[in-house]
Each structure stands twice: as structure tokens, then as C-alpha cells.
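S.K.: Give me the fold of what follows.
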Amino acid sequence: MSCSSAVLRLTLFVAGGGFSMGSSYFYMEFLLAWVTLLKQAGYSNPALFALEYTLVPDAVYPTQLQQTSAGYEHVLSVVEDSSRICVGGDSAGATLMLSLMLYLGDHPQYRDRLPGLAVMISPWCVIQSEKNRNTSSDYLDSKSLHHYGSQYVGTKVSVDDPMVSPGRCKDPGRWARASPSKGWLFLFGSEEVLGPEARDLIALLKKAGAEVHVDEEQGSIHAWPVASLYLGETREGRLKALREITKVTKRQIKPGD
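M.R.: Model (predicted):
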């Protein structure tokens with residue numbers, strides 16, 4: 001793939017699934033719809049790279065983060081201007097993206113190679129948190145999250161290490177160094193088990209001076225942008241979240257810049 005970075009916008013997307021199930025192929029309709037909306041928004045050659053990473057128990061941390069980093073390196077090899085890149089993920093995939101951003105911010109060689117925008121869909125900010133409590137609406141279960149999270153972390157690192165639980169990083173300076181050049185977009189449901197930790201991280205990012213856009217859908221559950229595409233009753237309902245993502249992207253990374 002080759003084309004001018006002036007027209008190319010490339011997204012690296014990492015799928016969720018509790019680190020132990022699922023595949024980017026499950027997201028195919030979601031990803032194709034996303035690319036279609038980007039074309040309609042004026043991007044002449046949008047591209048999307050969906051990462052397949054090794055699931056637990058076949059591998060544990062840091063394998064998945066290393067694979068995510070390798071995926072970002074591949075994207076950088078295609079797009080010379082990293083500000084044209086958007087990274088994103090949902091649930092555990094968003095966890096890996098948050099960890100990747102901390103990793104990039106910690107290494108000076110990446111300071112001018114950060115992506116332009118990061119889209120976090122229902123991020124699992126803290127792997128094991130007392131704030132992750134069941135709600136009457138969300139299908140996630142805090143006990144199951146504890147189990148899946150323990151499998152991912154393994155035995156060689158603390159579950160509170162910020163590289164596995166990015167929400168445990170409370171250093172505004174570190175997040176300032178790790179923030180995309182054109183900001184963050186968080187999308188999650190108000191009824192999520194994971195909602196409290198997402199709100200805490202958003203507040204910290206704002207304290208760090210990062211530009212943060214938030215779409216907290218009232219009454220919605222975990223990963224509602226993905227779920228609504230498959231379960232929505234109307235076309236507009238199915239595409240609502242993707243239209244919001246596209247709108248913010250177009251505002252932050254203009255098609256013709």
C-alpha cells in the first residue's frame with residue numbers, strides 16, 4: 001500500500017474479548033462500516049489495520065503488548081506522518097492501546113511519533129478494581145473480569161503495574177507525554193461495570209492537559225458502539241457511535257491536511 005500521507009488516514013484497531021476470546025474477524029462489519037463512513041467524510045484513501053494478538057492461555061503479558069507495539073511499528077512504516085494515524089480498540093483491546101500509549105510516552109524515540117488520535121471504546125482501565133461492580137443492565141460480571149484479568153497478567157508482574165492496568169498510572173506528567181497529538185475520544189455506557197475507572201482516567205487525562213472528547217451514552221452497556229451496530233433497531237441507531245467517531249476524527253485529523 002502506498003499513497004500520500006496528505007490524504008491517507010490509517011487506523012490501528014485492537015479487538016476486545018477479555019484477552020481470551022474473539023478475533024478481529026468478529027468486528028468485520030463494524031470495521032467495514034467505519035471505513036465507509038470515513039470515505040463519505042472526505043478521506044480519499046482511508047485504511048484500517050486490525051491486529052490479531054495471541055490469546056490467553058497460549059500467552060500472557062507482555063506478549064500481547066509486544067504484538068500491539070509491532071502492529072504500531074508496521075503502521076508507522078506505511079504512514080510517514082504519525083499525526084495522520086488513529087489508534088483504537090474496545091474493552092481489552094483498549095487496555096492494550098492505553099498500555100501502548102504509556103510505552104510510547106516512556107521512550108524518547110517515540111515522542112515525535114505518537115498517533116494523532118486515540119479512540120477508546122469501553123476501556124478496561126484497571127484489570128482488578130473494587131470499583132468494577134456489577135450493574136443491573138451490563139452483561140459484564142466483575143467476578144469473571146477478575147478471572148480473565150488474572151489470566152492475562154500471569155505470575156511475573158503485579159496486577160497493579162500500570163503497564164497491565166493503565167488506570168493505575170496516576171502521574172499526570174506521564175500521561176501528558178503519552179497523549180496523542182490531537183487528543184482522545186472515549187466512548188462507553190453509563191451502566192458499564194467498567195465505567196467508574198474510565199471516568200477516573202478521563203479526569204486524570206484532562207488534569208494532564210490532554211484534549212479529551214467523551215461520549216458516555218446514558219443507559220447503555222459495555223462496548224455499546226459495537227453492540228449497537230449488530231443489535232440496533234434502525235440504521236441511524238446502528239451507526240450512531242461510528243458517526244460520532246468519524247465526526248471527531250474529521251475535526252481532529254482533517255481529510256485534506
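
S.K.: Assign a three-state SS to residue 11, would you?
M.R.: strand (DSSP: H, G, I helix; E, B strand; the rest coil).

S.K.: Surely it is in contact with residue 87?
M.R.: Yes. The criterion here is C-beta atoms under 8 Å, and residue 11 meets it with residue 87 at 7.2 Å. In this view, the C-beta of every residue, glycine as well, is placed from N, C-alpha and C.

S.K.: More neighbours: those two, which one.
M.R.: residue 87 (29 against 23; other C-beta atoms under 10 Å).

S.K.: what's near enough to touch that one?
M.R.: 11-14, 72, 97, 100-101, 115, 117-119, 180 (C-beta atoms under 8 Å, 6 or more residues apart in numbering).

S.K.: mind running it again at 10 Å?
M.R.: The neighbourhood of residue 87, defined by C-beta atoms under 10 Å, 6 or more residues apart in numbering, consists of 10-14, 49, 68, 71-72, 75, 94, 96-98, 100-101, 104, 114-120, 180.

S.K.: partners of the host helix or strand of it in the sheet?
M.R.: In the assignment (DSSP states H and E), residue 87 maps to strand 85-90. Strand 85-90 sits in its sheet next to strand 10-14 (parallel), strand 117-121 (parallel), going by DSSP bridges.

S.K.: ok, and which of these has the densest surroundings?
M.R.: Mean neighbour count (mean count of other C-beta atoms under 10 Å) peaks for strand 117-121 among the strands paired with strand 85-90, with a mean of 27.

S.K.: could you pull out the strands for the stretch 101-250 of the chain?
M.R.: 117-121, 184-189, 212-217 (DSSP state E, counting those that start in this stretch).

S.K.: My guess is residue 148 contacts residue 159. True?
M.R.: No. Using C-beta atoms under 10 Å, residue 148 is not in contact with residue 159, being 11.8 Å away.

S.K.: Show me the common contact partners of those two, please.
M.R.: Common contacts of residue 148 and residue 159, defined by C-beta under 10 Å, 6+ apart, comprise residue 127.

S.K.: Is it correct that residue 65 is in contact with residue 92?
M.R.: No. Checked against C-beta under 10 Å, the pair residue 65 and residue 92 is beyond contact range at 11.4 Å.

S.K.: more neighbours, those two?
M.R.: Legend: neighbour count by other C-beta under 10 Å for residue 65 and residue 92, higher for residue 92 (29 against 19).

S.K.: ok, so what distance separates that one from residue 82?
M.R.: Note on residue 92: its distance to residue 82, by C-beta to C-beta, to the nearest Å, is 24 Å.

S.K.: residues contacting residue 204?
M.R.: Residue 204 neighbours (C-beta under 10 Å, 6+ apart): 125, 167, 169, 170, 171, 172, 174, 175, 210, 212.

S.K.: How much space separates it from residue 126?
M.R.: To residue 126, residue 204 is 12 Å away according to C-beta to C-beta.

S.K.: Right, I'll call it a day here.
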